[in-house]
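Asks: can't give you the sequence, but here's the structure:
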């Protein structure tokens, strides 16, 4: 089969890889319908995270079950399925608490930007759609594997609810999905911090009530001006860089919450947060905890998170997909398998 | 009047100080009925926080209104009142959100271990009891000024609710009150980490379902053994030292919450918390937000947080009160004014 392999900085290649096979009775093999490139894949592409040796890459997918192991009972060949970016058994003591990203028996995949994927813990990981989806639904369904669920997790972690003011730091696919999540969860004000016109446009379609293009103290000042002078009840930090984390701290009100989902590349001023009574919560999204709810919202056309994809390429052109995202020519690139 | 003044390490004296007077029309003067020594006062007593010059000390009080400024309308002379350890106007944009500890116009007092206190923002700060309390209620009412409200804040910040497992780090007055708060808020399991028999006894009376005397990794192992092997849903960190903060991190499950109310004297491993999806929230308690609810619980004998006082002395013996707490001969010392 064809699958993407990262070799080092700026070097992702579509290569021939061995077809995956059932290794454990709880595995399934999924023939990929679509995969995509994640902002977090770019950390390695940009050498901000190490690549000690060539490695299959990608962790987002939707597809059709091709084969299941003997112990799999909840999905069967032919079903259209979505799986989160981490697999989980959905039965351990942590999964039962809704912490599936930290499943005691979970983990990652061997590269999902590929024509086929071995999915461990298939019963606990995969959720089948009610039927074969229309092509138009493919992008939105694909976002549930990571970015939409991650944006949702930012909002849930920050306790977003009706009546609140919410500021979103980051206008990548996750930030845009967090904007959508905040609006869906009933926030009164959703302030998208973005200086790119095409992303501002998507943010508005997703329910942003205000756009703040400024950054740093100027940006924080604008957010405070929109929130009774005190800052937002909740800030959703969807980047992870030091600058983004500081931006979140500057925009949140005393007593508020920061939901964090960007891979952390900077510290938080924990003493300052204490004195201001600001909470911080988040991490890798427990996709499985949100998947049925989000699938229902997509299936009934209440949300269309697939709008974050502004580039679609065949899997064989994965190198161009990375380049386009790296150069910010694309918000997010879909790969057809 | 007589009031306590800290001069430096191990040196608190009962001295003659000028009687407080109304300085602003929103002030009240309260004749103190009881005050007390706080664990946080010990930071300066132990020279862990600087004492650049002699300074009146103390921030917890209950008493009777002696005089009010012209703009005060909600309390009047003769009423028995409780005020939090910080004053707040209870009307600003942050107070309206329940963040009274961060009131835009709030602040501290000029030493509450004294026979009389000037209370700024009297209308927003003071809550009158339904009548003159029995002597037996005095200790419990006094805890509402800080330690009970602070323990409550730890539990609220950590989102404690029915069905949860909660571990409490710290068996000082705040830790014991946090234990009581977790039980009141419906936690299934309340694990008090304490190795002092008298404090274990109070913790049990306050609703602890298990006592863990071990500390460090041994203590964390015991907590995990009580919680399906994964750690507590919520940990209430009521000390603030580096050791206590690390203990909290070691005892919480992935996806759980740490409520922090101990004055922070150590960092938290923010990247580790991110990957484990552990949230942290807390700070100085917004006493005013909880005061009516807690007063009602005390007044109707549903809680008796006053049990944390195991020493009562006249204000003139304040030096001995500090010594007893410093040497851990007393959990908490009440001062009769």
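Replies: Now that the structure is in, tell me what you want to look at. Not measured: the values here are computed from a predicted model. Numbering: from 1, shown residues only, chains lettered A, B, ... in the order given.
Asks: Around the closest residue to chain B within the stretch 1-150 of chain A, count how many other residues there are.
Replies: Minimum separation of the stretch 1-150 of chain A from chain B (CB to the nearest CB) falls at residue A:99, amounting to 3.0 Å. C-beta: built from backbone N, CA, C; applies to glycine. Counted with other CB atoms under 10 Å in any protein chain shown, the neighbours of residue A:99 add up to 27.
Asks: What does it show for phi and psi?
Replies: Phi and psi for residue A:99, reported as degrees, to the nearest 10, are phi -110, psi 50.
Asks: Go ahead and measure how far the worst-scoring helix or strand of chain A on mean pLDDT is from the middle of the chain.
Replies: Taking mean pLDDT, DSSP states H and E as the measure, helix A:41-45 is the helix or strand of chain A with the lowest mean score, a mean of 92. Distance, stretch centre to chain centre, for helix A:41-45: 14 Å (CA atoms, centre = their mean, to the nearest Å).
Asks: now for it, which elements pack on it?
Replies: strand A:2-8, helix A:318-326 (3 or more CB pairs under 8 Å, 6 or more residues apart in numbering or on different chains; DSSP states H and E).
Asks: what does chain A put close to chain B?
Replies: Within reach of chain B by CB under 8 Å from any CB of the partner chain, chain A has these residues: A:93-94, A:97-99, A:101-102, A:104, A:157, A:228-230, A:233, A:253-255, A:257, A:260, A:264, A:267-268, A:270-271, A:273-284, A:286.
Asks: For those residues, I'd like a selection string for ChimeraX - just the buried members, please.
Replies: The buried subset of these, as determined by 16 or more other CB atoms under 10 Å in any protein chain shown, is captured in ChimeraX by this line:
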select /A:93,94,97,99,101,102,157,230,233,253,254,255,257,260,264,268,270,273,274,276,277,278,279,280,281,282,283,284,286
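Asks: related to what we said a few turns ago, touching the least confident helix or strand of chain A from outside, list them.
Replies: With CB atoms under 8 Å, 6 or more residues apart in numbering or on different chains as the test, helix A:41-45 has contacts from A:6, A:9-10, A:12, A:49-51, A:57-59, A:263, A:322, A:325-326.
Asks: One more: stretch A:131-140?
Replies: Stretch A:131-140 is contacted from outside by A:33-34, A:62, A:80, A:141, A:148, A:298-299, A:303-309, A:312, A:334, using CB under 8 Å, 6+ apart.
Asks: pretty sure residue A:273 is touching residue A:250, no?
Replies: No - using CB atoms under 8 Å as the test, residue A:273 is too far from residue A:250 to be in contact (11.8 Å).
Asks: Okay, buried residues for whatever helix or strand residue A:35 lives in please.
Replies: Per DSSP states H and E: residue A:35 is located in strand A:28-36. Neighbour counts using 16+ other CB under 10 Å place A:28-36 of strand A:28-36 among the buried residues.
Asks: ok, how many other residues are close to residue A:152?
Replies: 32.
Asks: And the nearest residue to it once chain neighbours are set aside, how far from residue A:282?
Replies: Of all residues not flanking residue A:152 in the chain, residue A:181 sits nearest, at 4.5 Å (CB to CB, 6 or more residues apart in numbering or on different chains). Plainly put, residue A:181 is 12 Å away from residue A:282 if you go by CB to CB, to the nearest Å.
Asks: anything in contact with each of these two?
Replies: Contacts common to residue A:181 and residue A:282, judged by CB under 8 Å, 6+ apart, are residue A:154.
Asks: before we move on, back to that, can you tell me which residues contact the residue nearest to residue A:152?
Replies: By CB under 8 Å, 6+ apart, residue A:181 lies in contact with A:148, A:151-152, A:154-156, A:160, A:236.
Asks: Of those, which is the nearest to chain B?
Replies: residue A:156 (10.9 Å).
Asks: Give me the helices and strands touching the strand or helix carrying the closest one, please.
Replies: In this assignment (DSSP H and E), residue A:156 forms part of helix A:147-157. Under the contact definition 3+ CB pairs under 8 Å, 6+ apart, helix A:147-157 sits against helix A:173-184, strand A:232-237, strand A:252-260, strand A:279-282, helix A:287-299.
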